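# return atomic coordinates for the entry below.
(one chain, ligands or ions: 1)
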Amino acid sequence: MNINDIKTIEHDVIVLGAGGAGLRAAIECSMQGLSTGLVCKSLLGKAHTVMAEGGVAASLGNVDNRDHWKVHFRDTMRGGKFLNNWRMAELHAKEAPERVRELEEWGAVFDRTKTGLINQRNFGGHRYPRLAHVGDRTGLEIIRTLQDRGIHQGIEVYMECTGLDFLKDKDKISGMVAMWRETGEFVIFRCKAIILATGGGGKAWKITSNSWEYTGDGYGMAYEAGAELMDMEFTQFHPTGMVWPPSVRGTLVTEGVRGEGGILVNSENKRFMYDNIPERFAAETADSEDEAEKWLAGDKDARRPPELLTRDVVARAIRKEVKAGRGSPHGGAFLDIANRRTAEDIKRKLPSMYHQFKVLAELDITKDSMEVGPTLHYFMGGVRVDSDSQMTRVPGLFACGECAAGVHGANRLGGNSLSDLLVCGKLAGSGAVNYIQSSTSMPPFDENQAIAIIRSATDILNRESGENPYLIHENLQDLMQNNVGIVRTDELLSDGIKGVMTLWNNFNNVKADGASQFNPGWHEAIALRNLLITSESVARSAKMREESRGAHTRIDFEGERDEWLKYNVVIRKNLDGSMLAEKVLRKDPDPELKRIAKLSIEDLEKEVTQDKKEK
Ligand SMILES: Cc1cc2nc3c(=O)[nH]c(=O)nc-3n(C[C@H](O)[C@H](O)[C@H](O)COP(=O)(O)OP(=O)(O)OC[C@H]3O[C@@H](n4cnc5c(N)ncnc54)[C@H](O)[C@@H]3O)c2cc1C
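Coordinates of the predicted model:
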């Protein structure tokens, strides 16, 4: 192989991933004068962010003027069961309103209140209507706006180009080897910094709301480059995925349905969420249908319906009903909006849901209930970063959006991902700018590293025979679904880890047929390494955390354990190539942040009213 035959592209910074996080980071770099390349493995505009339905959370206070960053922060910490990185959750809550207003200045057309402000809707775990939205197609508007802005800003975009692995100059980032998906040709990016914004890894499970792109590439690449992964045990199962028909099982039904008044009932037509209100949320949740109705009608003194409890709580409650034999015919629960809103309202507020059920399930949600059940949706964990700069422990490597850990702790509130990617995308961009400004020249290029990366990709094609990548992926999905699912035990997880190790052996001999052009089997095989790193890290972290917290439920260690609140589980690669999982002591929180998070809602509301008066 002659490395000089491979095209080399130079930029100050490469952003890997063109969802909301990558685009916002790239805009920041470009605005501050860096030559910025944006690399994505699908077409620009096709990232996961485009699928976001319900909205973006920000304490604008347009619908309920009691809202304030402090309440958003408190909701986020409580939703995350206090395992969130305190500083990241603070920055997220403080900066989200500005990021949303900035989108509006850049041309995003949000739904409006009667007085012409950005409209906000209710969502699980948020005290007030907080989600700025565009019907149920919010992600599309966000991506469109960021793309327009980014392109006009002069960002260079490299589409259908898969990042394989990073190049380093000693401990520092110096570039990346990638592959054009269409032609199978390789390309070398030389740069001073890389921002990872590759999203999550839901494709390791069988039932997921995630698309083909979510193969955990950022986790795998960061891990191989020496970065750490954190909180990987916290994988969110969204309570409402479609359960029928089988071909679309897992497809998301937005929480916006419940935000607009939708209720969950079991096969006995009982609203079972009233029996599933955790102690921590009891004081803020309606305990009768009467009160929930008043809340829906806009009574500010009434408390929120239990259908809007956090996702972990609702997902477990649905599972409980199914286990007890009170599920819907296809193993879920019924979600009813038809009897709650007029057909006209439903079509206007939830157009994608109406269309999705009509086309995929031949069901009219303005007339009939939907059948829904838990689906793997989101990674709270991810690449471990510094809270203010978003830099990993590898100098020059940054991460933001779903691929980074910290903001959401043990469980994410709906709407907090879009706000996270806007806030942390900007922070990562600024972090990279500061880093590059302090290190002037382009790092040297080590061709041996590039050759090794290319060889490990081409070996998959060049083997005489070997394992089928699709079968390895299918086996992995079965394993993760059964052993590392919504409820976990030591035995299940130990078997899960053993299963992953067997699949590693199969992967070491994986073979894709055909040539390098237009070869989806080869792409599948390449993604497998990252899926396996992702799966192993989730299983090992889940086995280590001996408690139940947020999205991580251990039936052999029920309930939250105070001792475990002191630790994050951190994953890194050992010198011998094996994976190391470690309990790492968390820093003490800033006392002021701790005070805000622990205040009763009544006291915080009084304080916020006072803050607003003084302003
Ligand atoms: C159906 C659905 C509805 C949702 N609704 C909401 C909502 O209403 N509110 C909310 O806050 N959150 C919502 N979420 C979650 C939210 O959409 C995602 O968490 C968020 O969009 C992630 O953004 P991101 O920028 O981190 O990653 P993404 O938008 O997924 O972008 C990842 C990018 O990385 C690229 N990439 C990955 N690997 C590679 C590689 N190896 N090489 C090159 N490129 C690569 C991809 O091509 C893509 O461009 C929803 C998620 C789903 C699935």
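# residue contacts, Ser600?
Ala283 (Cβ atoms under 8 Å, 6 or more residues apart in numbering). C-beta coordinates here come from the backbone N, C-alpha and C atoms, glycine included.
# if you set the cut-off to 6 Å instead, what comes out?
Counting by Cβ atoms under 6 Å, 6 or more residues apart in numbering, Ser600 makes contact with nothing.
# what residues does the stretch 401-550 of the chain put near the ligand?
Gly401, Glu402, Cys403, Gly414, Gly415, Asn416, Ser417, Leu418, Leu421 (Cβ under 6 Å from any ligand atom).
# what about 8 Å?
Near the ligand, the residues belonging to the stretch 401-550 of the chain are 401-403, 412, 414-421, 425, 527, 530 when assessed by Cβ under 8 Å from any ligand atom.
# for the ligand, what's its nearest residue on this protein.
Gly19 (1.9 Å; Cβ to the nearest ligand atom).
# do a quick rundown of the strands in the stretch 301-450 of the chain.
Using DSSP state E, counting those that start in this stretch, the strands of the stretch 301-450 of the chain run over residues 333-336, 370-379, 382-383, 397-399.
# domain parsing for the protein?
7-234+380-446, 238-376, 448-575 (automatic domain parsing).
# and the first one, how far from the chain's centre?
Taking Cα atoms, centre = their mean, to the nearest Å, one finds domain 7-234+380-446 lying 10 Å from the centre of the chain it belongs to.
# ok, now the second one?
Mean-position distance between domain 238-376 and its chain equals 21 Å (Cα atoms, centre = their mean).
# kindly report the same for the last one.
In this view, domain 448-575 has its centroid 18 Å away from the chain centroid, taken as Cα atoms, centre = their mean.
# ends of it, how far apart?
Using Cα to Cα, to the nearest Å, one end of domain 448-575 lies 20 Å from the other.
# I'd like the mean pLDDT over that domain, please.
Averaged over domain 448-575, pLDDT sits at 97.
# which residue ranges form the helices in the stretch 151-300 of the chain?
217-225, 256-259, 279-282, 289-296 (DSSP state H, counting those that start in this stretch).
# make CSV from the ones you listed and add mean neighbour count and distance to Glu156 to it.
Formatted as CSV, the helices of the stretch 151-300 of the chain follow (neighbours: other Cβ atoms under 10 Å; distance: least, Cβ to Cβ, whole Å):
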stretch, mean neighbour count, distance to Glu156
helix 217-225, 25, 20
helix 256-259, 27, 36
helix 279-282, 12, 47
helix 289-296, 16, 49
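# out of those helices, which is closest to Trp564?
helix 279-282 (16.1 Å; Cβ to Cβ).
# what number of residues lie near the residue of the chain closest to the ligand?
33 (other Cβ atoms under 10 Å).
# taking the residues of the stretch 401-550 of the chain next to the ligand one by one, which sit in helices?
Judged by DSSP state H, helices contain the following of those: Asn416, Ser417, Leu418, Ser419, Asp420, Leu421, Gly425, Ala527, Asn530.
# count the neighbours of the nearest residue to the first one once chain neighbours are set aside for me.
If you skip the residues right next to it in sequence, Asn416 has Ala57 as its closest partner in space, 5.1 Å away by Cβ to Cβ, 6 or more residues apart in numbering. Neighbours of Ala57 under the rule other Cβ under 10 Å: 29.
# in the stretch 1-150 of the chain, where is pLDDT below threshold?
For the stretch 1-150 of the chain, no stretch has pLDDT under 70.
# which stretches in it count as strands?
7-10, 13-16, 36-39, 56-57, 120-121, 131-132.
# against which helices or strands is the last one packed?
Based on contacts counted as 3 or more Cβ pairs under 6 Å, 6 or more residues apart in numbering; DSSP states H and E, the elements that strand 131-132 packs against are strand 120-121.
# wait, does the strand it packs on make contact with the ligand?
No: using Cβ under 8 Å from any ligand atom, strand 120-121 never reaches the ligand; the gap is at least 10.0 Å.
# now for that strand, which elements pack on it?
Using 3+ Cβ pairs under 6 Å, 6+ apart, strand 120-121 sits against strand 131-132.
# can you map out the strands along the stretch 501-615 of the chain?
Under DSSP E, counting those that start in this stretch, the stretch 501-615 of the chain gives strands at 567-573, 579-585.
# which of the ones you listed sits most buried?
strand 567-573 (a mean of 21; mean count of other Cβ atoms under 10 Å).
# and the contacts of that strand?
So strand 567-573 is contacted by 223, 228-231, 537, 541, 544-545, 580-584, 586 (Cβ under 6 Å, 6+ apart).
# same question for stretch 330-344.
243-244, 257, 261-266, 318, 321-322, 328, 346, 366-367, 369-373.
# quick one: it near the ligand?
No: remark: stretch 330-344 sits outside contact range of the ligand, by Cβ under 8 Å from any ligand atom, the gap being at least 15.4 Å.
# name the residues of that stretch that are buried.
Gly332, Ala333, Phe334, Leu335, Asp336, Ile337, Ala338, Arg340, Arg341 (16 or more other Cβ atoms under 10 Å).
# how close does the third one get to Ile365?
So the one you mean is Phe334. Going from Phe334 to Ile365 by Cβ to Cβ, to the nearest Å gives 11 Å.
# can you redo the strands of the stretch 501-615 of the chain as JSON lines with distance to the ligand?
As requested, these are exported to JSON lines (distance: least, Cβ to the nearest ligand atom, whole Å):
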{"stretch": "strand 567-573", "distance to the ligand": "18"}
{"stretch": "strand 579-585", "distance to the ligand": "20"}
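# for Leu479, which residues are in contact?
Gly499.
# quickly find the element holding it.
helix 469-483 (DSSP states H and E).
# tell me what angle that helix forms with strand 370-379.
If you take axes from the mean of the first three to the mean of the last three Cα atoms, to 10 degrees, helix 469-483 sits at 100 degrees to strand 370-379.
# ok, so what distance separates Phe398 from Asn65?
36 Å.
# among those two, which residue is more densely surrounded?
Neighbours per residue (other Cβ under 10 Å) separate Phe398 from Asn65, with Phe398 holding more: 31 against 11.
# look up how far Gly19 lies from the more buried one.
From Phe398 to Gly19 the distance is 15 Å (Cβ to Cβ).
# what stretches of the stretch 151-300 of the chain score poorly on pLDDT?
If you take pLDDT under 70 as the line, the stretch 151-300 of the chain has no such spans.
# residue numbers of it in contact with the ligand?
So far as Cβ under 8 Å from any ligand atom goes, the stretch 151-300 of the chain lies against the ligand at 161-164, 178, 197-200, 202, 209-211, 213-215, 217-218, 221, 251-252, 254-256.
# anything in stretch 393-400 near the ligand?
Yes: Stretch 393-400 is in contact with the ligand by Cβ under 8 Å from any ligand atom, via Cys400.
# what's in contact with that stretch?
Contact partners of stretch 393-400, identified using Cβ under 6 Å, 6+ apart, comprise 21, 25, 172-173, 193-197, 225-227, 383, 385, 390-392, 424-425, 428, 431-432.
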